[in-house]
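>>> Generate a structure from the sequence data that follows.
(one chain, ligands or ions: 1)
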Amino acid sequence: MLPVDAAAWNARYAGADLVWSAGPNALVEQLTGGLPPGRAIDLAAGEGRNAIWLAEHGWRVTAADFSDVALARADRIARERLGADADRLTTVVADLTRWEPAEAAYDLVLLVFLQLGGEAMRPVHRAAAASVAPGGTLLVLAHDRSNVEHGHGGPQDPSVLPTPEQVAHDLTGTGLVLDRAEVVERQVEGAPRPARDCLVLAHRPG
Ligand SMILES: C[S@@+](CC[C@H](N)C(=O)[O-])C[C@H]1O[C@@H](n2cnc3c(N)ncnc32)[C@H](O)[C@@H]1O
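Okay, here's the model as predicted:
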């Protein structure tokens with residue numbers, strides 16, 4: 001079952017040393033690795049696997065999530081891995097359905113595997129888009145709706161799963177230009193078939 005609130009997510013994080021991988025998501029690495037480091041925000045950052053990797057590559061990163069347990073872990077891992085550069089990571093405990101990042105403030109905005117469902121995600125997508133600075137990039141990655149029938153793992157309730165078309169529609173009128181909006185396959189070790197992720201990549205013209 002997908003945890004639904006901060007208390008449930010906190011309980012999930014408290015029950016394991018590390019819920020997600022230590023390293024970044026492969027697509028995040030592939031799609032952001034060539035960007036010049038600047039200011040980034042990772043929305044629903046969890047334990048900070050992507051945020052910390054970005055900070056290791058010179059970015060100043062804000063990691064926002066409503067789980068203080070996950071963000072405390074992100075802070076600790078950042079201190080271990082970044083040493084004197086640990087201040088490149090800032091954590092913000094925030095519920096993304098009530099809090100919005102600063103407008104036009106970030107060169108890179110990540111929204112990775114936040115699965116709230118269409119109606120709840122729309123304002124989050126739009127706030128994420130609004131926070132992209134001129135010349136900046138938005139990367140949205142989520143379990144795709146087709147993953148339930150044709151993929152592997154992830155939430156099994158289709159109502160919390162987006163499609164690329166739906167995310168692209170949410171971004172209409174935000175001033176962002178779509179670069180990619182598609183379903184991508186992700187190999188999962190030991191799984192009978194790949195997982196299917198919804199990928200939307202967009203930028204704000206400089
Ligand atoms: C599947 S995890 C993904 C974590 C991270 N993005 C990653 O890929 O490792 C989903 C995260 O969303 C956070 N989350 C869920 N609903 C949220 C909300 N309304 N506001 C802020 N964070 C939320 C959870 O605490 C959890 O850390």
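
>>> For Val93, which non-adjacent residue is closest in space?
Distances taken as C-beta to C-beta, 6 or more residues apart in numbering place Asp68 nearest to Val93, at 4.8 Å, with adjacent residues excluded. The C-beta positions use only the backbone N, C-alpha and C, and glycine is treated the same way.

>>> And for Val92?
Closest to Val92 by C-beta to C-beta, 6+ apart is Ala64, at 4.4 Å.

>>> What is the one helix or strand that neighbour maps to packed up against?
If you go by DSSP states H and E, Ala64 is part of strand 60-65. Packed against strand 60-65 by the contact rule (3 or more C-beta pairs under 8 Å, 6 or more residues apart in numbering; DSSP states H and E) you find strand 39-43, helix 49-56, helix 68-82, strand 89-93.

>>> Mean neighbour count added to these, as a markdown table?
Compiled in a markdown table, these are given as follows (neighbours: other C-beta atoms under 10 Å):
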| stretch | mean neighbour count |
| --- | --- |
| strand 39-43 | 26 |
| helix 49-56 | 25 |
| helix 68-82 | 18 |
| strand 89-93 | 19 |
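
>>> In JSON lines, list these along with mean pLDDT and distance to Glu119.
As requested, those are exported to JSON lines (pLDDT from 0 to 100; distance: least, C-beta to C-beta, whole Å):
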{"stretch": "strand 39-43", "mean pLDDT": "98", "distance to Glu119": "17"}
{"stretch": "helix 49-56", "mean pLDDT": "98", "distance to Glu119": "26"}
{"stretch": "helix 68-82", "mean pLDDT": "97", "distance to Glu119": "24"}
{"stretch": "strand 89-93", "mean pLDDT": "98", "distance to Glu119": "24"}
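
>>> In JSON lines: these, plus distance to Ala142.
Shown next, in JSON lines, are these (distance: least, C-beta to C-beta, whole Å):
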{"stretch": "strand 39-43", "distance to Ala142": "12"}
{"stretch": "helix 49-56", "distance to Ala142": "14"}
{"stretch": "helix 68-82", "distance to Ala142": "18"}
{"stretch": "strand 89-93", "distance to Ala142": "21"}
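
>>> and of these, who's closest to Gln166?
Nearest of the helices and strands packed on strand 60-65 to Gln166, taken as C-beta to C-beta: strand 39-43 at 17.4 Å.

>>> Whatever residue of the chain ends up closest to the ligand - nearest residue in space that isn't next to it in sequence?
Going by C-beta to the nearest ligand atom, the ligand is nearest to Gly46 of the chain, at 2.7 Å. In this structure, Gly46 finds its nearest non-sequential neighbour in Ala70, 4.9 Å apart by C-beta to C-beta, 6+ apart.

>>> Kind regards, and thank you for your time.
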